[in-house]
Structures are given as C-alpha cells and as structure tokens.
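*Asks:* Fold the following for me, if possible:
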Amino acid sequence: MAAASPVPAAPYPEPSEASWVARDFRFHTGEVMPELRLGYLTLGDPSGIPVLVLHGSAGSARSMISPGFAGQLFGPGQALDAAKHHIIIPDALGAGKSSKPSDGLKARFPRFNYADILAAQHRLLTEGLGIGHVRLIIGNSMGGMLAWLWGVTHPDFMDAIVPMAAQPTAMSARNWMLRRLLIETIRRDPSYKDGDYTSQPACLPLAFLFFNIATNGGTRALQQAAPTRAAADALLDQRLAQPGPSDANDLIYMYEASRDYDPEPLLGRIRARVLAINSADDERNPHETGLMAAAMARIPAAQLLLIPGSTETAGHGTTGQARFWREELAAFLKSIP
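*Replies:* Numbering: from 1, shown residues only. Next up is the predicted model:
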C-alpha cells in the first residue's frame, strides 16, 4: 500500500450538539448514579443510515470533527456521506460533555471501565435515540477497542465494525506499563492530594506529554522532524508550550478504564463483518508481536488493513488521518449487503 496523498477536505454539515440523561445508571462496581449525562454530536438526516463513530482516550466527540477525519469521510460522495448517513458521535462516559469526575465528584466518581462506557453508549442509542441497529461502528484508539467490545457484547447490533489503532487482546506490556506510569506520575505528585486538588497538579502537562511522545507520533516521522538535537529541542519546546489536559482526575479515570480490557476470549461471538485498520509503526499495538494476526485468524472473513510505516505516518496517530484508509473503507462498505 502506497502512502496516501493529501486531498482537500470536503465540506460536511455542521454537527448538532445534544445531551441525554441515563437514569439510575449502574456501573460494573454496583454503584448507581441517579442521572448520568451523555453528550453527543450528530451529522446528517436522522432518517439516514445510522453510523456510530467512537473517539480516543484523550479526545471527545469534537475531536472527530476535523479536516483530516470528517473532511475525508462525511462530505458529498465520500464513504460516510452525511447526506445519506445519520452519524452519531458520543462523548464517552468521562469525556467531553458527558458526566466525568471534574463535574464535582472528583476522585469520588465511580471508577468506570470500558464495559461501563459501552453500556452508556448502548443506552444512549437504544433508549435516548431509539436506534436498535446500525450499519457501522467505527472507532479510533480507545474507540477502536470499544468497537471490538461492541462486536462481542452486542453481536447483532451492527452490520460491520471497523476498529482502528486497537487490538482485540488484553491490555498488557508497554501499552499498559506506560498508561500506569502516566497515572502513577500524577498520583504521586503531592499537589494531587488524593484527587482533591483545587488547582491542577504541576506534573500533569509534562507527564501527559511524556506519554504521548513515548506512544505516539511514529519513529520515522519523528526522526525526520527532529534529525538533530537542536531540532529535537525546538520541537519539544514547541510541544511544552502547548496547553495540557484540562483535568488530572478525568485523565486518570479515562486511561485507567482500559485496565481490564480483553475481548479476545469472546471473539467467536462476532457476527458483523470486520475491517481492522492498524499502522505498522503503532507504538501501543506493535504488529511484530503477532497478537493481532492470531486474533484476526479466529474471526471468519475478517480483514486487516496494515498501513506501512513511513515518514508520512504518525505511529499510533496514523489512523486519525482518514486519507490513509478512506478508499478501503468505501470498498469494504460496498461489499456488505
């Protein structure tokens, strides 16, 4: 597969923003929240073909509305043309306009996991929007892991799943180690105060930047961008000057939610067609372990699109740029009755 050439973003409708409240939401811990707010965006006609789009750990529904993603997918004639599709992009539990620790409960907020995030999304679609079946569930990073969980938890809910930058295997190895280090760095900062801080812990932006450089960006792309120490320092100074995460508890909760992720034992339940999209230089899901290939072999007719690493790719961040896979997605959807 050759590197995809950049193309201008196509126009797409301005998303509509809304929220819905799930009453008496029960977490996997047994805790119950009387009112769980779930924010979401929609694009296109509600009578169109329903599609669920899922964002990553440090993002929100708004993070999927960009020229590199929405501008390559939701425009006229594109794979998920908003004139034909009803596109739903929820804020995950703990992110965006959905209920989260920073709303006031801080570290007293129930410690949710991915199963809770999925349960909230399922209630939003079925109870809040009256949708019992979707054409496609497509997600990136955490959204890709959630797409795998959707496939094994509600196998008849969708025709197809497209998990990206994700593996259907247990959270482990460097992926978990660096998440744990990010969390521990913040928690061990005295200014964290067991989550009851009044101002953000001083280490928050630095810890998050360290995590991102270690697990994102692509080795070859980073070498090209910073071929000398001076260039590396300049790039790092530029990144250090950018604003960091808005809240430490929100960040900890979201990354810790992946702790028990492991859909692999349930892969035999998947009935939807599967197109998995990963990048060969993904730092969090290294292809060379063979885990992805072994898991895919257990799913009938499942396809894997592996984007070769290059100076144009961005490691774990590659799949956030739809130009690398938009044509394959369009062909995949056309092949499904």
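
*Asks:* quick one, phi psi at N175?
*Replies:* Per-residue torsions, N175: phi -60, psi -50 (degrees, to the nearest 10).

*Asks:* Count residues in the vicinity of it, would you?
*Replies:* 21 (other CB atoms under 10 Å). Just so you know, the C-beta spots here come from the backbone N, C-alpha and C atoms, and that holds for glycine as well.

*Asks:* Tell me the spatial nearest neighbour of it, not counting adjacent residues.
*Replies:* The shortest distance from N175 to any non-neighbouring residue, by CB to CB, 6 or more residues apart in numbering, is to R284 (4.5 Å).

*Asks:* Test my guess that that neighbour contacts A214.
*Replies:* No - here R284 does not reach A214: they are 9.5 Å apart, not a contact under CB atoms under 8 Å.

*Asks:* With neighbour numbers in mind, choose between the two.
*Replies:* Counted by other CB under 10 Å, R284 and A214 do not tie: R284 has more neighbours, with 20 against 15.

*Asks:* how far away is the more buried one from D194?
*Replies:* Distance, R284 to D194, by CB to CB, to the nearest Å: 28 Å.

*Asks:* Likewise for F332?
*Replies:* 47 Å.

*Asks:* And these two? Which one has more around it.
*Replies:* Counted by other CB under 10 Å, F332 and D194 do not tie: F332 has more neighbours, with 20 against 8.

*Asks:* Secondary structure element holding the more buried one?
*Replies:* helix 326-334 (DSSP states H and E).

*Asks:* Ok, F210 next?
*Replies:* helix 204-215.

*Asks:* all helices of this structure, in order?
*Replies:* 70-73, 114-123, 142-153, 173-187, 204-215, 219-225, 229-240, 248-256, 291-296, 326-334 (DSSP state H).

*Asks:* Give me whichever of the ones you listed is most buried.
*Replies:* Among those, helix 142-153 has the highest mean neighbour count (mean count of other CB atoms under 10 Å), at a mean of 26.

*Asks:* Quick one: mean pLDDT over that helix.
*Replies:* The average of the pLDDT scores along helix 142-153 is 98.

*Asks:* same thing with stretch 227-247?
*Replies:* 96.

*Asks:* what do you get for stretch 85-93?
*Replies:* Stretch 85-93 comes out at a mean pLDDT of 98.

*Asks:* if I pick E264, what's in contact with it?
*Replies:* Neighbouring residues of E264 by CB atoms under 8 Å, 6 or more residues apart in numbering: P168, T169, A170, A295.

*Asks:* Find the nearest non-adjacent residue to the last one, please.
*Replies:* Which is A295. Leaving aside its chain neighbours, A295 sits nearest to P168 (5.0 Å; criterion: CB to CB, 6+ apart).

*Asks:* From L129, how far off is H86?
*Replies:* Taking CB to CB, one finds H86 at 9 Å from L129.

*Asks:* sorry, that was for P265
*Replies:* 30 Å.

*Asks:* The two - which one has more neighbours?
*Replies:* Each of P265 and L129 has its neighbours counted (other CB under 10 Å); L129 has more, 18 against 10.

*Asks:* Ignoring the adjacent residues along the chain, who's closest to that one?
*Replies:* Spatial nearest neighbour of L129, excluding adjacent residues (CB to CB, 6+ apart): I88 at 6.9 Å.

*Asks:* wait, isn't that neighbour in contact with P50?
*Replies:* Yes - if you go by CB under 8 Å, I88 and P50 touch, sitting 6.7 Å apart.

*Asks:* Wait, E283 touches H316, no?
*Replies:* Yes - between E283 and H316 a contact is recorded at 5.3 Å, counting by CB under 8 Å.
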